[in-house]
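1. Dropping a prediction and its sequence here:
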Amino acid sequence: MFLQKGKSFGFILVFILILLGLIVVPFFADLFYQTFLTELFVWILFAISFDLIFGYTGLLSFGQALFFGLGGYTVTILIRKFGLNTELSLFLSIIIPILFAWFVGYFSVKLTGIHFVIITIIFAIIGNIIGDTWTSFTGGADGLTFSPPPFRLGLFQIDLMDIKGNYYFVLTIVAISFLFLRRMIQSPLGKVFISIRENEERARLIGYNTQRYKLIAFMIAGGLSGLAGGLYSLTLKYASAGYLHWSVSGHAVVYTIVGGMGTLIGPALGAGIVMSLEHYLINFLQATDLVVGIVLVAMVLMAPKGLVGLIQSRLKRGETNA
């Protein structure tokens, strides 16, 4: 019990220090790096939402791009075409993807293994085709641009057209989402997710309706993916059918494998490493995907549990030797 409290205190301390560091970044970084970090925060949220179903529940879904794209389109279309405020539009960028995740998950969670992977890809492809062809509503491949009104919360309002204001806004939401997921994983609900990942048959035998719990995990991940998509559209002031394509889910897969699945912090770390590599290599190397592929293969061979798993194993080995 004391050990658990110590770990919780250590996490809180590290989390606060990292958050404080990110808060002061805009005072030293130019607008380009503020925008880059804002996009990084969005992809971190997308990656940790994917980690909920892959790392903690054991479901490899390539359909998360569908919910990411839906979240982006929800914010963009509601503001641009219907004149809704940013607060309600962003809230609906969670709710609408949750409803779609319920529909997709209702059919998907009944399947296992490669069949589950394939059906999630199929749903994402359908979404991408609709987004590409319904150009009068979605803008197709060209997408839609918009100017979001300020986000109002009581007496406060945040100008999302201001890069620094948008930076702090996205950072706050992603930090809250991270804490929410961490608390949920530690709750009895999270323990059920983990038990399904470890041995679904045993979880079913002790009385859990595993399909129902997998659907719940799928819906939560879908809602958070939609929130990530909504924040991405608010950051870029743009939404496109390209973000509905199943390959967008590959970003979350790579970040999670590189950082370490089933850790939450791993996908965040993986996103930071991979996106930084892409950013710094793009100036003199066009084939950044090749470099990312090499990094991914190297991680799979050298550290199958990702960077976090590698660090944890080294620490345990050091304690054993001591």
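-> Perfect, thanks for sending it. This is a predicted model, so every value here is computed, not measured.

2. so what's Leu227 up against?
-> 45, 49, 71, 90, 93-94, 97, 173, 177 (C-beta atoms under 8 Å, 6 or more residues apart in numbering). For the C-beta atoms, the positions are set from N, CA and C on the backbone; glycine is no exception.

3. rerun at 7 Å
-> Applying C-beta atoms under 7 Å, 6 or more residues apart in numbering to Leu227 gives the contacts 45, 71, 93-94, 177.

4. What segments of this structure are strands?
-> For the chain, the strands defined by DSSP state E occupy 144-145, 151-153, 156-158, 238-239.

5. Would you pull up how far the first one lies from the middle of the chain?
-> With C-alpha atoms, centre = their mean, to the nearest Å as the basis, strand 144-145 stands 22 Å off its chain's centre.

6. ok so, going back, just curious, which of the contacts of Leu227 is nearest to Ser247?
-> Of all the contacts of Leu227, Ser247 sits closest to Gly71, with 17.2 Å by C-beta to C-beta.

7. if I pick the one residue sitting closest to the centre of the chain, what's in contact with it?
-> The residue lying closest to the centre of the chain (C-alpha atoms, centre = their mean) is Phe46, at 1.2 Å. Contacts for Phe46 (C-beta under 7 Å, 6+ apart) come out as 68, 225, 228, 251-252.

8. May I see these organised as CSV, with pLDDT added?
-> Listed next are these as CSV, based on pLDDT from 0 to 100:
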residue, pLDDT
Phe68, 97
Ser225, 97
Ala228, 98
His251, 90
Ala252, 93
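
9. could you dump those to a markdown table with neighbour count and distance to Leu205?
-> Formatted as a markdown table, the contacts of Phe46 follow (neighbours: other C-beta atoms under 10 Å; distance: C-beta to C-beta, whole Å):
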| residue | neighbour count | distance to Leu205 |
| --- | --- | --- |
| Phe68 | 36 | 35 |
| Ser225 | 35 | 31 |
| Ala228 | 33 | 36 |
| His251 | 21 | 36 |
| Ala252 | 31 | 31 |
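
10. Next step: the residues you listed restricted to helices.
-> The helices, defined by DSSP state H, take in 68, 225, 228, 251-252 from those.

11. For His279, state which of these is nearest.
-> Proximity of those to His279 (C-beta to C-beta) peaks at His251, which lies at 14.0 Å.

12. Apart from its chain neighbours, what residue comes closest to that closest one?
-> Trp43 (6.3 Å; C-beta to C-beta, 6 or more residues apart in numbering).

13. List the contacts of that neighbour.
-> So Trp43 contacts 251, 255, 271, 275 (C-beta under 7 Å, 6+ apart).

14. Give me the pLDDT for it.
-> Predicted confidence (pLDDT) for Trp43: 97.

15. begin at 93 from here
-> Shifting the count to begin at 93 puts that one at Trp135.

16. Lys329 and Thr237 touch, don't they?
-> Yes: using C-beta atoms under 7 Å as the test, Lys329 is close enough to Thr237 to be in contact (5.9 Å).

17. which of these two has more neighbours?
-> Set Lys329 next to Thr237 and count neighbours by other C-beta atoms under 10 Å: Lys329 wins out with 17 against 14.

18. Tell me the spacing between that one and Ile255.
-> For Lys329, the distance to Ile255 equals 11 Å [C-beta to C-beta, to the nearest Å].

19. picking that back up, which one among the contacts of Phe138 gets closest to Gly385?
-> Set against Gly385, the nearest of these by C-beta to C-beta is His343 (13.0 Å).

20. Cheers, nothing more for now.
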